[in-house]
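**Student:** sequence first, predicted coordinates after that:
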Amino acid sequence: MRIGVLTGGGDVPGLNSVIKSVVYRSTAAGNEVLGIRKGWQGLTHVRLGPTPDPEYILPLDRENTRNIDRAGGTMLHTSRTNPKRMREERLPELITARDRERLRQPDGTYDLTPIVIANLQRLGIERLVVIGGDDTISFARVLSDQGFPQIAIPKTMDNDVQGTEYCVGFSTAITRAKELVDRQRTTLGSHERIGIFRIFGRDAGFSALHTAYVTSGRCLLPEAPFDLAHLIDVLVEDKRSNPSHYAFVIAAEGAKWTGLTLGEVGEPDAYGHRKKQDVADALADQIHHRTGEDVIVSQLTYDLRSGNPDAFDQMVATTFANIAVDLLEAGVSGRMVAVQHGTYTHTDLPDPALGARTVDVERQYDLDRFRPRYTARLGYSLFLEGTPTD
């Protein structure tokens, strides 16, 4: 069979390991693999002709994927494209006026699902491997509901896709965050300052929680609004009791304190998300205003998603890919490869109505001390999750 593979949404380390493993496992079984470039955009904007459109279609084999797993990013490139609700200015030029009228929805967006399905059929693609976060996979669910066979592989440094305890890219992000926090302790200590490290995590605090876990730091999560005065007291006491006279806290971008809701800025993306106002800068201003302490803000963002994957991400990426192809070979589709209770499995494609998976604050977070819970971990998953015996 001919298998298509694409990556959508933000890039993370480990994507190339998934792509290579899909190619190697598929071709070993006698299948053909087509890489779809720029995510779902590759299936809405592709120009079909006697030869593949090189902007959007790349035949993949063992030769052109041989060493891609040694690098970060995605060789197929990516985009934030939502074929189900595409704005008019994003429509491909090849969409005729007649098609525009047919595909236009009451809210003024366009549903290009029929275009995607038609292009898949014209390209001879019989199965899809979709690598992405909850937004990218939400359209995979749309295609699955239309009867197109596919398997999804979850990736996001936020680790917040429903149905899985682990997403490709998460381990590398935490490894990088730990390195950066540990490195900047010297500056904080030298100047006797309070540090605020802002980290990705719009709706879920897994990145902040796990970085705090491995740095013995404080952390702020979107799931747990914090009392500003109490946080300041804790940080000032940390600074006073530390022999190097510094303190720090790791703040997820979606963190918020009681009584204040930060706004959003910028234009919404293809899935309606806007950027959050910078909680780290707002918090730094408050700390300095109330205490006179000098505060350093550090953005732990794009550094965490760039560069090569760590060993754990490469291992998970390779395994996810092989499971995905095994499932397609077995005639299974409409599923997502996952980790549950620390074990590889597959599950339903996530329901977009559920939103992001979030931290279990009661089990994983100490609200009073702004720390991860370190005690009573026996029987828990490697990823701090509960077990079937809970």
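**Tutor:** Here it is on my side, so go on.

**Student:** what strands line up against the strand or helix carrying I153, and which way round?
**Tutor:** Assigned by DSSP states H and E, I153 belongs to strand 150-154. With DSSP bridges as the test, strand 150-154 is paired with strand 127-132 (parallel), strand 335-340 (parallel).

**Student:** looking at these, which is closest to T347?
**Tutor:** Within the strands paired with strand 150-154, the stretch nearest T347 is strand 335-340; the backing value is 4.7 Å (CB to CB). (Each C-beta comes from the backbone N, C-alpha and C, glycine too.)

**Student:** which residues does the closest one contact?
**Tutor:** Contact with strand 335-340 is made by 137, 151-154, 161, 163-166, 316, 320, 323-324, 327, 344-350, 383, as judged by CB atoms under 8 Å, 6 or more residues apart in numbering.

**Student:** just stretch 117-129 next, same as before
**Tutor:** 1-6, 18, 22, 34, 43-44, 46, 48, 52, 57, 140, 143, 146, 148-153, 321, 324-325, 328, 333.

**Student:** got phi/psi on V249?
**Tutor:** The phi/psi pair for V249 (degrees, to the nearest 10) reads phi -140, psi 140.

**Student:** could you give the bridge partners of it?
**Tutor:** Per DSSP bridges, the residues bridged to V249 are I196, R218.

**Student:** contacting residues around it?
**Tutor:** Contacts of V249 (CB under 8 Å, 6+ apart): 194-197, 217-220, 231, 235, 370.

**Student:** now do the helix or strand just after the strand holding I153 against strand 150-154, angle only.
**Tutor:** Next along the chain after strand 150-154, taking DSSP H and E as the criterion, comes helix 170-191. Computed by axes from the mean of the first three to the mean of the last three CA atoms, to 10 degrees, the angle separating helix 170-191 from strand 150-154 equals 20 degrees.

**Student:** state the mean pLDDT of helix 170-191.
**Tutor:** For helix 170-191, mean pLDDT is 96.

**Student:** what's the neighbour count on the residue nearest to Q41 when sequence neighbours are not counted?
**Tutor:** Nearest residue to Q41, sequence neighbours excluded (CB to CB, 6 or more residues apart in numbering): T81, at 4.1 Å. If you count neighbours by other CB atoms under 10 Å, T81 ends up with 25.

**Student:** and T81, what element?
**Tutor:** Short version, using DSSP H and E: T81 is in no helix or strand.

**Student:** for it, give me its contacts.
**Tutor:** By CB under 8 Å, 6+ apart, the contact list for T81 reads 8, 38-41, 44, 90, 270.

**Student:** circling back to that earlier point, now distance to A252 and mean neighbour count too, for the strands paired with strand 150-154, in CSV please.
**Tutor:** Shown next, in CSV, are those (distance: least, CB to CB, whole Å; neighbours: other CB atoms under 10 Å):
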stretch, distance to A252, mean neighbour count
strand 127-132, 21, 27
strand 335-340, 22, 23
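
**Student:** tabulate these (a markdown table), appending mean pLDDT.
**Tutor:** Putting these into a markdown table (pLDDT from 0 to 100) gives the following:
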| stretch | mean pLDDT |
| --- | --- |
| strand 127-132 | 97 |
| strand 335-340 | 97 |
